[in-house]
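**Student:** For reference, the sequence and a predicted model appear below.
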Amino acid sequence: MWSYLINDIELYSDRKSFSLGIDTLKNLWLLLHLKDLEIKSKTVLYQVDNGIRQRKSTKHPIRKMRKPLKNTAELIKYLRDKPYKLNKLELEFANGWKIKQLAYVELKFYTNSSLERDQLINKLLKVAGQGPINASKLEINYSYYFKSESKLIKINFDDLPDPDEFWSKEKVAQWKIDVGAVERLKEEQQTETPINFKSDLEEIKKMFSNLDSEIDPF
């Protein structure tokens with residue numbers, strides 16, 4: 001269940017990029033707030049989806065969008081009445097920014113500096129009725145979910161960061177080693193000698209039967 005338009009956030013290790021958890025099937029309109037930026041290039045792969053009117057056996061091909069688009073306003077206008085699901089969406093703007101969709105739950109934003117990153121985060125949060133937040137206080141490569149409109153909770157199950165596309169091969173290799181070590185530790189903890197509840201119960205019964213024989217009810 002999505003309680004907020006923007007469900008979570010994660011900063012990337014280049015310190016200029018971030019991701020936002022967003023239902024992109026319903027809320028791609030958020031990109032209208034970047035309509036002032038000129039689209040330099042795009043990669044859009046789409047598939048016709050007629051919803052309940054489409055037979056389960058029908059599978060439409062995935063196609064590449066050829067239509068020229070100047071900005072995100074033209075993109076949203078074009079998609080408005082189309083029964084399309086976007087399997088891939090990548091936009092590059094003339095100012096150097098980029099957007100990538102992780103279908104259909106996330107948008108990744110790439111800016112030119114930490115300052116631009118932080119300003120864009122709070123601009124989008126304001127549109128969503130959330131924030132503001134101090135993005136510079138967030139740990140890199142850890143996801144945070146919105147507990148309230150501005151309160152963030154760190155998602156940290158194993159005290160390990162999430163790798164991103166900017167990590168070196170060496171760093172990714174070490175991360176895999178660390179993940180393996182954590183998994184082995186979990187397995188060891190699960191295979192420790194289990195408690196013998198049946199044996200313990202018999203001991204408890206025996207203890208109380210001894211007490212009963214020792215106590216004079218009168």
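**Tutor:** In hand now; what should we look at?

**Student:** And this protein, what are its domain boundaries?
**Tutor:** Domain segmentation of the chain under automatic domain parsing yields 8-156, 170-214.

**Student:** Out of those, flag the one nearest Pro163.
**Tutor:** domain 170-214 (5.4 Å; C-beta to C-beta). Glycine gets a C-beta too; all of them are placed from N, C-alpha and C.

**Student:** Could you dump the domains of the chain into TSV with mean neighbour count, distance to Asp164 and mean pLDDT added?
**Tutor:** Formatted as TSV, the domains of the chain follow (neighbours: other C-beta atoms under 10 Å; distance: least, C-beta to C-beta, whole Å; pLDDT from 0 to 100):
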stretch	mean neighbour count	distance to Asp164	mean pLDDT
domain 8-156	15	5	96
domain 170-214	10	10	73
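
**Student:** Throw those domains into TSV and include distance to Pro163, thanks.
**Tutor:** Output for those, formatted as TSV (distance: least, C-beta to C-beta, whole Å):
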stretch	distance to Pro163
domain 8-156	7
domain 170-214	5
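
**Student:** Any idea which of these gets closest to Asp162?
**Tutor:** domain 8-156 (5.1 Å).

**Student:** Tell me where the protein has strands.
**Tutor:** Taking DSSP state E as the criterion, the chain contains strands spanning 8-11, 17-21, 39-48, 62-64, 84-93, 98-102, 106-110, 143-146, 152-154.

**Student:** now those as CSV including distance to Trp167?
**Tutor:** As requested, the strands of the chain are exported to CSV (distance: least, C-beta to C-beta, whole Å):
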stretch, distance to Trp167
strand 8-11, 14
strand 17-21, 13
strand 39-48, 23
strand 62-64, 29
strand 84-93, 20
strand 98-102, 17
strand 106-110, 15
strand 143-146, 16
strand 152-154, 20
